[in-house]
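>>> Please find the sequence and the predicted model below.
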Amino acid sequence: MTISLCSQDWNRTWHTHNPDLTRCFQNTLLVWIPCVYLWLFAPFYFFYLKSHDCGYICMTHLNKAKTVIGFLLWIICWADVFYSFWERGHGVASAPVYLVSPTMLGITMLLATLLIQYERIKGVQSSGIMLNFWLVATVCATVTFRSKILQAVNEPATVNVFRYTTFYIYYALLLISLILSCLSDQPPLFSQAVKDSNPCPEAGACFLSKISFWWITGMMMQGYKRPLEEKDLWSLNEEDRSRAVVPQLVRCWDHECNKVKSQPVRVKTACVKERRPKAYFCADRRPIEESEILIMKTPQKSGSPSLFLALCRTFGPYFLVSSFYKIIHDILMFVGPEILRLLIQFVNDSSAPSWHGYFYTALLFICTCVQTLILQKYFHVCFVTGMRLRTAIIGAVYRKALVITNAARRTSTVGEIVNLMSVDAQRFMDLITYINMIWSAPLQVILALYFLWQNLGPSVLAGVAVMVLMVPVNAVIAMKTKTYQVAQMKSKDNRIKLMNEVLNGIKVLKLYAWELAFRDKVSAIRESELRVLKKAAYLGAISTFTWVCSPFLVALSTFAVYVLVDEHNVLDAQKAFVSLALFNILRFPLNMLPMVISSMVQASVSMKRLRVFLSHEELDEDSVDRKAVTGCKSHDYYNVSKWPKCHRFLSVCQCEQINTLNLTPSVLI
């Protein structure tokens, strides 16, 4: 005996002028999609909330309303379950889906209600997970809502009054939950927003405001009306402050240094025989003929601590969020050309229903909007990560400059330290924005070539050959750029060192009239630096020119080979527009790749300089004795004199006599 989940088949589809989904589809997939979404993300979200406790939010009217509506939705779902049991008890034949789907939905609504309260306990003012859940559930229920209205109008005899009533109540509660999820709750107790007089509104903004950056509109309008002042700027978020970022990097760097220091040292025992006169005896009357020597054998090549691993441990988890956004954006980039292909195909097909065109257009618009929002969120996460990285590097270098030994201080000039805190730290911040292009660019190129192969066939190999020919050229340019980068940083260090000496000894320089001599020295170093910069600029221009021309050369070679290889190959509108859209996608990674490679070369030089400086030996804290004052005892002094402030018309000051003076150590008088 075969039991089907639904009482009807699934075969009401696409080719109709009055589109509608089957009841089986509505009662299964449209109900299960939001449930699967929440149960898929709930474990990770629980773990995230457990490790990111932002405080405690008191029960507010907004939170009470969310909880009550979630409880009502749970009751509605279980009412459908009990009604299905009642139907089976009275002999009414009903499909198993009317029992399975409400049960699954009821358990999911209970989970959503528990999540609402757990978010309140952990101080979450606005939840993106819950907003997306209510949005997906509302969209799925909207399709069912339309179908039920059509069924009530066209087939009133088949209407089940109880299930219609419960669904309409369920749909209304979903809309209310969606609206309430768009609002933000009050800040947690003892949070920065409560203590600070001018906090950043990003932390307390709702999810929609965060993804659309609506929270910054107030400052933009204020800057439009009048010039912004320092008091208008918001305070930094607590997680962006140096007191929160620098200790994390220092802790990870110390961990890397301790790993290198804890390398095992082998001890070797050597026996040395010495011929001595037998008159020499030990205390036990044994002649001294041989001795044992302990030789400490250190590793031939000790490893150096990895600054890269320290940076990854500190900022890697937050940076992975940007990689997740980048993956979604890259996938959505190729959805647009496919929708464009279907839209052109719809225009060429006169027998297709008209609602197909509206559907494709709406889908293309939604896809573009979502792609834009995700891309901007990706850049926001990258910029924040770069800002934190730069702050941490500057703080670590500044801290190291205060504790290095005198021997290490002689090897590191002031100019080098200034460049580490300004130039090298800034290069890391610039690289973070586009570092994902290292894996994203090949992914985009591979996907673009795959879809081009589906559209134009083997002719794409001509474009691939053009790109392959450009790779060794840019590899040679990158190697030469790294060499020039090292030379330029050395010249910059020498120039800043000399300028610092000039500024510190300006009096001596003026006294002996050495201005022209030192000017010539600074100019010579600057000329050498400019020559290196000019060579690097020429190489960068050549690299950029080749990669800018590459999309045009790839498209030209591909289209030319496609047309010439077979006389039956015709470039129609569908092939031309879709291929051009894919070539436009191909242009961005090819243009960005040389810049990313150049930035990585510069960052590698900066990382080596930072690693060498941070690896310098520090002062031994144990060599300083700190004795705490156990008790402050006051001392009495007698017959103490004081000199008052002399009058400007008197040439002699008078001395006043103080009989008794009570003094306490370490206290100002």
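Yep, that arrived.

>>> from here on, contacts and neighbour counts on C-alpha atoms
Fine.

>>> Show me how the chain divides into domains.
Residue ranges for the domains of the chain, per automatic domain parsing: 23-195, 307-617.

>>> Any chance of those domains in TSV with distance to residue 217 as columns?
Shown next, in TSV, are those (distance: least, C-alpha to C-alpha, whole Å):
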stretch	distance to residue 217
domain 23-195	17
domain 307-617	16
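
>>> Nearest to residue 235, out of these?
Among those, domain 23-195 comes nearest to residue 235, with 9.5 Å by C-alpha to C-alpha.

>>> what does the average pLDDT come to for the closest one?
Across domain 23-195, pLDDT averages out at 86.

>>> The stretch 251-400 of the chain: helices as residue ranges?
307-333, 335-348, 354-403 (DSSP state H, counting those that start in this stretch).

>>> For the chain, which residues score under the pLDDT cut-off?
1-17, 93, 190-195, 263-303, 622-669 (pLDDT under 70).

>>> residue nearest the centroid of it?
The centroid of the chain falls nearest to residue 319 when counting by C-alpha atoms, centre = their mean (3.1 Å).

>>> Quick check: closest non-adjacent residue to it.
Leaving aside its sequence neighbours, residue 319 sits nearest to residue 385 (C-alpha to C-alpha, 6 or more residues apart in numbering; 6.5 Å).

>>> Contact partners for that neighbour?
Taking C-alpha atoms under 8 Å, 6 or more residues apart in numbering as the criterion, residue 385 is in contact with 315, 318, 319, 429, 432.

>>> Roughly how far does it sit from residue 223?
Counting by C-alpha to C-alpha, to the nearest Å, the gap from residue 385 to residue 223 is 26 Å.

>>> got it, and residue 539?
Residue 539 sits 41 Å away from residue 223, going by C-alpha to C-alpha.

>>> Comparing those two, which residue is more hemmed in?
Just comparing residue 539 and residue 223: by other C-alpha atoms under 10 Å the higher neighbour count belongs to residue 539, 18 against 13.

>>> now that one: how far from residue 219?
Separation of residue 539 from residue 219 (C-alpha to C-alpha) stands at 42 Å.

>>> can you check residue 527 too?
Counting by C-alpha to C-alpha, the gap from residue 527 to residue 219 is 44 Å.

>>> for residue 70, same thing?
Remark: distance between residue 70 and residue 219 (C-alpha to C-alpha) = 36 Å.

>>> Which one's more surrounded, those two?
Neighbour comparison, residue 70 and residue 219: the larger count goes to residue 70, with 24 against 14 (by other C-alpha under 10 Å).

>>> Spatially, what comes nearest to the more buried one if we skip its sequence neighbours?
Closest to residue 70 by C-alpha to C-alpha, 6+ apart is residue 113, at 5.2 Å.

>>> Surely the one you found touches residue 71?
Yes. Taking contacts as C-alpha atoms under 8 Å, residue 113 lies within contact range of residue 71: 6.8 Å.

>>> Of those two, which one has the most company?
A direct count of neighbours by other C-alpha under 10 Å for residue 113 and residue 71 places residue 113 higher, at 20 against 17.

>>> secondary structure class for the more buried one?
Classification of residue 113 using DSSP: H, G, I helix; E, B strand; the rest coil returns helix.

>>> now swap in residue 616 and tell me
coil.

>>> how deep is it tucked in, by neighbour count?
By the other C-alpha under 10 Å criterion, the neighbourhood of residue 616 contains 18 residues.

>>> Can you name the residues that contact it?
For residue 616, the contact set (C-alpha under 8 Å, 6+ apart) comprises 404, 405, 408.

>>> which one is residue 356 nearest to, not counting chain neighbours?
residue 346 (7.4 Å).

>>> ok, the one you found to residue 364 distance?
As judged by C-alpha to C-alpha, residue 346 and residue 364 stand 14 Å apart.

>>> Off-centre distance for stretch 584-592?
22 Å (C-alpha atoms, centre = their mean, to the nearest Å).

>>> CA atoms only: put it into PDB for me.
Extracted in PDB, the C-alpha atoms of stretch 584-592 (Å, rounded to 0.1, in the frame of the first residue of the first chain):
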ATOM      1  CA  ASN A 584      32.000  43.000 -18.200                       C
ATOM      2  CA  ILE A 585      32.000  40.700 -15.100                       C
ATOM      3  CA  LEU A 586      35.400  39.400 -16.300                       C
ATOM      4  CA  ARG A 587      36.800  42.900 -16.500                       C
ATOM      5  CA  PHE A 588      36.700  43.700 -12.800                       C
ATOM      6  CA  PRO A 589      38.800  40.800 -11.500                       C
ATOM      7  CA  LEU A 590      41.300  41.200 -14.300                       C
ATOM      8  CA  ASN A 591      41.600  44.900 -13.600                       C
ATOM      9  CA  MET A 592      41.900  44.400  -9.800                       C
END
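
>>> shouldn't residue 551 be in contact with residue 587?
Yes. With contacts defined as C-alpha under 8 Å, residue 551 counts as touching residue 587 at a distance of 5.4 Å.

>>> more neighbours, the two?
Applying other C-alpha under 10 Å to residue 551 and residue 587 shows that residue 551 carries more neighbours, namely 23 against 20.

>>> so is that one in a helix, a strand, or just coil?
Look at residue 551: counting by three-state DSSP, its state is helix.

>>> what does residue 18 give?
The three-state assignment at residue 18 reads coil, by three-state DSSP.

>>> and it, how many neighbours?
Per other C-alpha under 10 Å, the neighbour tally for residue 18 reads 8.

>>> What distance do you get for it to residue 200?
Using C-alpha to C-alpha, we find residue 18 at a distance of 50 Å from residue 200.

>>> sorry, back to before: format the contacts of residue 616 as TSV; extra columns: neighbour count and secondary structure.
Compiled in TSV, those are given as follows (neighbours: other C-alpha atoms under 10 Å; DSSP: H, G, I helix; E, B strand; the rest coil):
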residue	neighbour count	secondary structure
404	20	strand
405	15	coil
408	16	helix
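
>>> List just the nearest of the residues you listed to residue 614.
So of those, ranked by how close each gets to residue 614 (C-alpha to C-alpha), first place is residue 404, at 9.1 Å.

>>> so what's the closest one bridging to?
residue 618 (DSSP bridges).

>>> That one and residue 615 touch, don't they?
No. Counting by C-alpha under 8 Å, residue 404 does not reach residue 615; the two are 9.5 Å apart.
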